[in-house]
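**Q** the following comprises the amino acid sequence and a computationally predicted model.
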Amino acid sequence: MAKLFAVTIIIIAIASAVPIVMHTWEPPKDISVHGKLIDEQFSETMVEAGACFLAAQLILGFFIWKFSDRPREEKIKSFPGGARGLVAAAVIIVGAEVMALGAFGTKAWASIYFTPPAPDATQVQVQAGQFAFYFRYPGPDGKFGPIHPEQISEATENFYGLDTTHDPDSKDDIVTAEMAVPVNRDVHLLMHAKDVGHSFFVRELRIQQDFVPGLDLSVHFTPTEIGRYEIVCTQLCGLGHYNMKAYLDVMSQQDFDAWLKKQAALQ
Amino acid sequence: MHNMSEPVVHQHTAPTGFIRKYVFSLDHKVIGEQYYGLALVAVYIGLVLSWVMRIHLAWPNAAIPGLQLLSKTGAPGGVLTPEYYLQLMTMHGTIMVFFVLTTAPFAGFGNYFLPIQVGAEDMPFPHLNMMSFWVTFVAFCVAISAFFVPQGPPLSGWTAYAPLSALGQVAGPGQGTGQVLWAVSIALFCVGQLLGSLNFISTTLDMRCKGMSLMRLPLSTWAWFITSCIGLTAFAVLMPACILLILDHVAGTSFFIASNLVVNDQLQPHAGGSTLLWQHLFWFFGHPEVYIAIVPAMGVVSHVLITNMRRPLLSSRVIIYSMVSIAFLSYMVYGHHMFVSGMNPFSSLAFSFPTLAITIPATIIVLIWIGSLYGSKLRINSASLFALGFVSMFVSGGISGFFLAQPSIDILLHATYFVVGHFHLVMAVAALFGIFAGTYFWFPKVTGRMMNETLGRIHFWVTFVGAYCIFMPFHYLGMAGNVRRYQAFVDDFMAPLMPVHKFITIAALITGAAQIVFLYNLIHSRFWGKTAPLNPWEATSLEWSTPSSPPPFDNFGGKLPVVYHDPYQYGIEGATNDFVMQTDPAQINSPRDEK
């Protein structure tokens, strides 16, 4: 039974690695400027994690195979180097490796969070509420009108609670159910939560950021490929959480300008 | 430390009467069994909830027979509504984390064996100990009652993030009474655990028998002791957090609710609160909590492995220091649950470094276990199979942590099935394997009978292979972007992942069925199992030196033991057997024998 167990561990370990090596299920192609650093970090971590995983499971299996069913007279032996050697291995090999991963990984994180958006970034605001995303563009004046929460109404489709009568900045704001941005230009995404916690996740963009009710925050990114991508909510927000999504269209500047004009006319 | 090798005045007299013996018992052994029994009921409820969830995920329109009896509105005709899926998911997590993983390995085994392993008659505060169980029991009843209130249990997950959890019914079904019941239940649970922790700590420090220095304590005792230290501080933070949450519901406060929130087109009458405050309070508890779940299992597994390898670990001291390091570091890492939460991104980096650092003591422990197998004389039985299986599961689950510990990678993996796979393997499955190892190992001492070894091995094989079939694919789903806490996968990119979900569901049903084999074995062996010898595993620690199985009410039959050796004297040159019990006064020629 020991030998069968050893073989099972080894088979499971190798079988677990197969889909990774074959790239059967993995993140989609990156379409962002900062994504390359994240993907490199991911690959490096995968190699190191994979090596540790396979080594540990295979050695575990091998030792179970070799040191079970031993005759009573045989002596107990100690692992060469004893505890000291293993502590050293844990600190020097695994410890240094994971700390290095962490240190190098700060670059990827910093490139998203510690750099300001470009001065000519496309400004978009996204509001998350049970259970839809609505987007807002500031219009030609470049300013977002104030949100009046008491005027928010799904019934009248005043999703942002805009008062176009009294707030001049709101007059040219463009509210849409889909997000569009021009390719190869920084996007400054302002994030506002209407009710409870939500999150904005676009896999291809390598962006995931929670909304915080009461705290307006923002992220910025530069999409590098034209296409249509799904935005999904990843922070449990209620019964419609599974269905809370929108589409992001990355377009050429020309197409984006035309789209924005069309949306403005629909307001 | 008492100098007590003579007969002592009993801390409490032998119990008489059914109620005192079996219900409101002051005996730590009965309390341990009560906790274990509670965990047993809880785990099967949690298991059935997971079956219902998995069936729904694979076949969203499937009618699950009988479910409409639990909730007509939640599961009309037996088909889960979106909200009821989330409600069952919330209760699955809550029941499993609190009433199984915190209860069985720590309160269950710990209450039973810690006093015996230190050589005491009982814990120093038996009435508080009894209260700790009954408060926990009431907490469980309050949690379960949430199923039966009109809108059912909360749907905000076991993590109950605000403001969803704080706004009340307006935020969703179950978010009114159900959420309040949840918070009351957890607050009570915290009280129960605090009372228990006080007893564990004072027993370990003050009730050790003559000769039982700290370094002569078994690793299982060390693990329970360290866990109770973590518990004292962690539960002390969760309890007030739950009270604040209850106040937001019933007293019009806004601790966790910001201003100007609009739900269903209605401006909410709350102002000034902080969304992130709940997360900080919860995870300050929540991360140490996962170590509360796993450290006792590490102790049990160490203890079981040593006995079955017939040799001590390469260094027990290193294991102890590593467990202490893990406990210490556990308070510094909690922000890794909040990397993308909207907290200061500098904080995310700050939390990631201790998170990566905690890999080091965990790796040390794993390497010591694996390294100790080298040159050992490994015995295979149900207990040792589960102990070895624990090592494999802990390695698998722990290594996926390398990814999640890095904020930049967490951007891709946060809130996906990768996280769900990680914590199920490293915490749930591993801790359950520790519970199973402890059960097969200590069952003869608790009941005086052996569990059926064939059934134990069947249980092991199906569970080991099955658990990998369920949870390894979760990682692949997560890498592909499969978001968690979804009751159905309607997004374009998730459709191709459905065959994986179906595979997982089938694996889950089969693996779950094996747990019924365990339950049958447990109950059948309790009454009709083969009579067990006093020391069936040829083990050395004090529980195997009690005069009977189960031990008498005062554990040692009127005379406290005297200890001459540490608990891991195996493979000694010149000894008659290949082991020397802690209570054996013989001088031995041992390479290392802690004083």
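**A** The structure has been received and is ready for your questions. Residues are numbered from 1 along each chain as shown, chains lettered A, B, ... in the order given.
**Q** not counting residues beside it along the chain, what's closest to the residue nearest the centre of chain B?
**A** For chain B, B:Leu101 is the residue whose C-alpha lies nearest the centre (Cα atoms, centre = their mean; 2.0 Å). Using Cβ to Cβ, 6 or more residues apart in numbering or on different chains and skipping the chain neighbours, the partner closest in space to B:Leu101 is B:Ala293 (4.0 Å). Backbone N, C-alpha and C define where each C-beta goes, glycine included.
**Q** number of nearby residues for the one you found?
**A** By other Cβ atoms under 10 Å in any protein chain shown, 28 other residues sit near B:Ala293.
**Q** that one: what's it in contact with?
**A** Contact analysis of B:Ala293 by Cβ atoms under 8 Å, 6 or more residues apart in numbering or on different chains lists B:97, B:101-102, B:105-106, B:427, B:431.
**Q** if I look at it, what pLDDT would I see?
**A** What the model reports for B:Ala293 is a pLDDT of 96.
**Q** and the helix or strand where it lies, how far out from the chain middle?
**A** When elements are assigned from DSSP states H and E, B:Ala293 belongs to helix B:275-309. Relative to its chain's centre, helix B:275-309 lies at 7 Å (Cα atoms, centre = their mean, to the nearest Å).
**Q** name the SS class of A:His192, please.
**A** strand (DSSP: H, G, I helix; E, B strand; the rest coil).
**Q** so it is in contact with A:Phe211, correct?
**A** Yes. Contact status for A:His192 versus A:Phe211: in contact at 7.1 Å, counting by Cβ atoms under 8 Å.
**Q** overlap in contacts, the two.
**A** Joint contacts of A:His192 and A:Phe211 (Cβ under 8 Å, 6+ apart) are A:Ala128.
**Q** more crowded one of those two?
**A** Neighbour count, other Cβ under 10 Å: between A:His192 and A:Phe211, A:Phe211 has more, with 28 against 21.
**Q** and that one, what does it touch?
**A** Here A:Phe211 is in contact with A:128, A:191-193, A:197-200, A:217, A:235, B:342 (criterion: Cβ under 8 Å, 6+ apart).
**Q** among the contacts of B:Ala293, which are in helices?
**A** B:Ala431 (DSSP state H).
**Q** now render the contacts of B:Ala293 as TSV, adding pLDDT.
**A** Converted to TSV, the contacts of B:Ala293 look like this (pLDDT from 0 to 100):
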residue	pLDDT
B:Val97	97
B:Leu101	96
B:Thr102	95
B:Pro105	92
B:Phe106	94
B:Met427	95
B:Ala431	97
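**Q** scan chain A for its longest helix.
**A** In chain A, taking DSSP H as the definition, the longest helix is helix A:35-67.
**Q** now do it: which elements does it pack against?
**A** helix A:2-21, helix A:96-113, helix B:359-373, helix B:382-399, helix B:401-404, helix B:407-413 (3 or more Cβ pairs under 8 Å, 6 or more residues apart in numbering or on different chains; DSSP states H and E).
**Q** tell me the gap between that helix and the middle of its chain.
**A** Worked out by Cα atoms, centre = their mean, helix A:35-67 lies 23 Å from the chain centre.
**Q** report the angle between that helix and helix B:275-309.
**A** When axes from the mean of the first three to the mean of the last three Cα atoms, to 10 degrees is applied, the directions of helix A:35-67 and helix B:275-309 differ by 20 degrees.
**Q** please tell me how far B:Thr16 sits from B:Tyr22.
**A** Separation of B:Thr16 from B:Tyr22 (Cβ to Cβ, to the nearest Å) stands at 12 Å.
**Q** what of B:His336?
**A** From B:His336 to B:Tyr22 the distance is 44 Å (Cβ to Cβ).
**Q** between those two, who's got more neighbours?
**A** When neighbours are counted by other Cβ under 10 Å, B:His336 and B:Tyr22 differ, and B:His336 comes out ahead with 23 against 13.
**Q** so that one touches B:Phe353, yeah?
**A** No. Using Cβ under 8 Å, B:His336 is not in contact with B:Phe353; the gap is 10.1 Å.
**Q** please name the nearest non-neighbouring residue to the closest residue to chain A within the stretch 1-150 of chain B.
**A** Nearest residue of the stretch 1-150 of chain B to chain A: B:Glu83, at 3.7 Å (Cβ to the nearest Cβ). Counting by Cβ to Cβ, 6+ apart, B:Glu83 lies nearest to A:Leu239, which is 3.7 Å off, once chain neighbours are set aside.
**Q** what about that neighbour, neighbour count?
**A** A count of neighbours around A:Leu239, defined by other Cβ under 10 Å, yields 21.
**Q** thought it was touching B:Met89?
**A** No. With contacts defined as Cβ under 8 Å, A:Leu239 does not count as touching B:Met89, sitting 11.7 Å away.
**Q** what do these two both touch?
**A** Contacts common to A:Leu239 and B:Met89, judged by Cβ under 8 Å, 6+ apart, are B:Leu155.
**Q** separation between B:Met427 and chain A?
**A** B:Met427 sits 18 Å away from chain A, taking Cβ to the nearest Cβ, to the nearest Å as the criterion.
**Q** doesn't B:Ser400 make contact with that residue?
**A** No. B:Met427 sits out of contact with B:Ser400 when judged by Cβ under 8 Å, with a separation of 11.7 Å.
**Q** joint contacts of these two?
**A** What both B:Met427 and B:Ser400 touch, as defined by Cβ under 8 Å, 6+ apart, is an empty set.
**Q** could I get the pLDDT score of the closest residue to A:Phe200 other than its chain neighbours?
**A** Sequence neighbours aside, A:Gln209 is the residue nearest to A:Phe200 in space, at 5.4 Å (criterion: Cβ to Cβ, 6+ apart). Looking at A:Gln209, its pLDDT stands at 98.
**Q** which ones are touching A:Gln209?
**A** With Cβ under 8 Å, 6+ apart, A:Gln209 has these contacts: A:191, A:199-200, A:217, A:219, B:340, B:342.
**Q** which of the residues you listed fall in strands?
**A** The strands, defined by DSSP state E, take in A:191, A:199-200, A:217, A:219 from these.
**Q** could I get the helices and strands packed on helix A:35-67 as JSON lines with distance to B:Gly466?
**A** Output for the helices and strands packed on helix A:35-67, formatted as JSON lines (distance: least, Cβ to Cβ, whole Å):
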{"stretch": "helix A:2-21", "distance to B:Gly466": "11"}
{"stretch": "helix A:96-113", "distance to B:Gly466": "30"}
{"stretch": "helix B:359-373", "distance to B:Gly466": "23"}
{"stretch": "helix B:382-399", "distance to B:Gly466": "11"}
{"stretch": "helix B:401-404", "distance to B:Gly466": "23"}
{"stretch": "helix B:407-413", "distance to B:Gly466": "24"}
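**Q** B:Cys229 in helix, strand or coil?
**A** Looking at B:Cys229 with three-state DSSP, the answer is helix.
**Q** neighbours of it, how many?
**A** When neighbours are defined as other Cβ under 10 Å, B:Cys229 has 18 of them.
**Q** thinking again about what came up before, ok, the residue nearest to the centre of chain B to B:Trp182 distance?
**A** B:Leu101 is 17 Å from B:Trp182, where distance means Cβ to Cβ.
**Q** returning to that earlier point: mind listing what's buried in the longest helix of chain A?
**A** For helix A:35-67, a neighbour-count test (16 or more other Cβ atoms under 10 Å in any protein chain shown) marks A:35, A:37-39, A:41-42, A:44-46, A:48-50, A:52-54, A:56-57, A:59-67 as buried.
**Q** repeat that for stretch B:51-68.
**A** Across stretch B:51-68, burial judged by 16+ other Cβ under 10 Å covers B:51-58, B:60, B:64, B:67-68.
**Q** residues contacting B:Val562?
**A** Listed by Cβ under 8 Å, 6+ apart, the contact partners of B:Val562 are B:5, B:209-211, B:583, B:585.
**Q** so it sits in a strand?
**A** No. With three-state DSSP as the criterion, B:Val562 is assigned coil and is not in a strand.
**Q** hmm, back to that, out of the contacts of A:Phe211, which is most surrounded?
**A** That'd be A:His198 among these, by other Cβ under 10 Å, with 30 neighbours.
**Q** excluding its backbone neighbours, what's nearest whichever residue of the stretch 1-150 of chain A sits closest to chain B?
**A** Residue nearest to chain B within the stretch 1-150 of chain A: A:Lys77 (2.7 Å; Cβ to the nearest Cβ). The spatially closest residue to A:Lys77, leaving aside those adjacent along the chain, is B:Gly375, at 2.7 Å (Cβ to Cβ, 6+ apart).
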